[in-house]
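>>> Okay, predicted coordinates and the sequence, questions at the end:
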Amino acid sequence: MEDKYNLLKEHIGKVVTLTDEEFACVSACFIYKNYRKSDRIFKEGENVKYIYFVLSGLLKLYYTDENIKEHIVSFAMEDWWETDVSAFYTNANASFTLACLEDTELLCLSLENFDRLCNHLQKMERFFLRKSIAGHIGSQQRILSFLTSGAKERYEQLIARNPALVQRIPKLLLASYLGVSRETLSRLFS
């Protein structure tokens, strides 16, 4: 189990340096969970108890519309964070569903422990701020891509930013993420 927390320590260390004592405080705030492929971590309408750090595996965060069509908002793989941000931080019900595309191991941080870390360790507040800014930048880039780029350009941008991720996503889900049909995706990239 210790090596799982070492992954978190390495991840945090890319942004801020923690002493062993500080990291002991940080790691005590997380709980470990594992899920099987196809498990749902939370569903639309449920309470979102945690923000998740991905140790291994692959997740998709998606919205289901009134026609029961899935709209994929994001994917998360190793060394990434994921949750329904609004539901987590406001204690509201989820607008999205978070599901496992592979067997997945996570470290989970509750809002109470998130607040505790930020209030007691300024370094962790700085860490989470930097992660939030990076996430916001990524979201804005994706929105801009949808507004200004065609499907082929969006695909090429995704490959340029996350080549390892693209290799792990089934074509049907990749098409949904890019906002095109599977047939369109096949036609564009065959």
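The structure has been received and is ready for your questions.
>>> And the host helix or strand of Ser132, what does it pack against?
Ser132 is part of helix 122-148, with elements assigned from DSSP states H and E. The contact analysis (3 or more Cβ pairs under 8 Å, 6 or more residues apart in numbering; DSSP states H and E) places helix 122-148 against helix 111-120, helix 151-161. Yep, even glycine has a C-beta here, placed from its N, CA and C like the rest.
>>> now the shortest one: how far from the chain's centre is it?
Read it as helix 111-120. Computed by Cα atoms, centre = their mean, to the nearest Å, the chain-centroid distance of helix 111-120 equals 20 Å.
>>> What are the buried residues along that helix?
Within helix 111-120, the residues that qualify as buried are Leu111, Asn113, Phe114, Arg116, Leu117, Cys118, counting by 16 or more other Cβ atoms under 10 Å.
>>> can you list contacts of the helix-or-strand element of the chain with minimal mean pLDDT?
Ranked by mean pLDDT, DSSP states H and E, the helix or strand of the chain with the weakest confidence is helix 182-188, at a mean of 74. Helix 182-188 is contacted by residues Ala151, Lys152, Tyr155, Lys171, Leu172, Leu174, Ala175, Leu178, Val180 when judged by Cβ atoms under 8 Å, 6 or more residues apart in numbering.
>>> The third one and Leu178, how far apart?
The one in question is Tyr155. Distance of Tyr155 to Leu178, computed by Cβ to Cβ, to the nearest Å: 6 Å.
>>> out of the two, which sits in the busier spot?
Using other Cβ atoms under 10 Å as the criterion, Tyr155 and Leu178 rank with Leu178 on top: 23 against 20.
>>> Hmm, Leu158 and the more buried one touching each other?
Yes - between Leu178 and Leu158 there is a contact under Cβ atoms under 8 Å: 7.2 Å.
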